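K.L.:
structural data only, the sequence is not supplied:
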């Protein structure tokens, strides 16, 4: 069991800690002169008391007061009050935790992709997609995502989300998504979503997804090929 008293000055206050048999440390403050306060304070056998002061003159007074009644005196001086260390370096280099330009670009890319999703109408979760597709199994949904005929993007908690723009009003999936992905020469779902949801000058400023829904797959594929060549 250990009890410790801690004081900023010999006349200010003292904090004492005691460790119980359960290993719990308790701290308390003693008002006034810690030496006088401790004179009537009974401690368990083997307990230790430490008095700490940040002022050198207080340390000298404490030494005189307790002389002959202590087994050990240890004095540690980190720096004097008001002393400035010009060469001192901070313990924590905050610049080490700042993302570099490439990392910031990655974050910006994710932000833009999420804006694309929101502007395109958001996304369904897996259960909603299964409802739209007349109760197909999870495995059937996964198979369509893998082959590219159904678009899925990483959602909250890294769960798949399915952009709503790829569904017709009757709940069926817009045909041609797999061919568009192959023409774009990418497996990145965000890149596919970006292409589908933005007006394209090669399509007279119309959105590829709108043309797909109207059955004009060929013109969309031609725009996708040229888009993929530019991005390669």
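P.N.:
Arrived safely, thanks for sending. No experiment lies behind these values; they were computed from the predicted model shown.
K.L.:
these two touch, right, residue 145 and residue 161?
P.N.:
No. Using C-beta atoms under 8 Å, residue 145 is not in contact with residue 161, being 11.2 Å away. C-beta coordinates here come from the backbone N, C-alpha and C atoms, glycine included.
K.L.:
which of those two has more neighbours?
P.N.:
Each of residue 145 and residue 161 has its neighbours counted (other C-beta atoms under 10 Å); residue 161 has more, 20 against 16.
K.L.:
show me what contacts that one?
P.N.:
117, 123, 124, 125, 152, 153, 154, 155 (C-beta atoms under 8 Å, 6 or more residues apart in numbering).
K.L.:
so what's it bridging to?
P.N.:
residue 153 (DSSP bridges).
K.L.:
so it versus residue 65, what's the distance?
P.N.:
According to C-beta to C-beta, to the nearest Å, residue 161 and residue 65 sit 72 Å apart.
K.L.:
could you say what helices and strands the longest helix along the chain packs with?
P.N.:
Ranked by number of residues, the top helix in the chain under DSSP state H is helix 101-119. Packing contacts for helix 101-119, counted by 3 or more C-beta pairs under 8 Å, 6 or more residues apart in numbering; DSSP states H and E, involve helix 189-197.
K.L.:
just checking, what packs against the helix it packs on?
P.N.:
helix 101-119, strand 153-154, helix 177-184, helix 208-213, helix 217-231.
K.L.:
give me the residues contacting the third one.
P.N.:
Going back to what we said before, that points to helix 177-184. With C-beta under 8 Å, 6+ apart, helix 177-184 has contacts from 147-151, 166, 187, 191-192, 195-196, 208, 212, 217, 220-221, 224-225, 227-228, 231.
K.L.:
tell me the buried residues within these.
P.N.:
148-151, 166, 191-192, 195-196, 208, 212, 217, 220-221, 224, 227-228 (16 or more other C-beta atoms under 10 Å).
K.L.:
for the helices and strands packed on helix 189-197, give me TSV that also has mean pLDDT and distance to residue 60.
P.N.:
Shown next, in TSV, are those (pLDDT from 0 to 100; distance: least, C-beta to C-beta, whole Å):
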stretch	mean pLDDT	distance to residue 60
helix 101-119	90	54
strand 153-154	94	66
helix 177-184	96	80
helix 208-213	97	83
helix 217-231	88	76
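K.L.:
closest one to residue 201 among these?
P.N.:
Closest to residue 201 of the helices and strands packed on helix 189-197, according to C-beta to C-beta: helix 217-231, at 9.1 Å.
K.L.:
by how many degrees do the closest one and helix 177-184 diverge?
P.N.:
Relative orientation of helix 217-231 versus helix 177-184 (axes from the mean of the first three to the mean of the last three C-alpha atoms, to 10 degrees): 30 degrees.
K.L.:
need the contact partners of helix 217-231.
P.N.:
Helix 217-231 has contacts (C-beta under 8 Å, 6+ apart) with 175-176, 179-180, 183-186, 191, 195, 200, 202-203, 208, 211-212.
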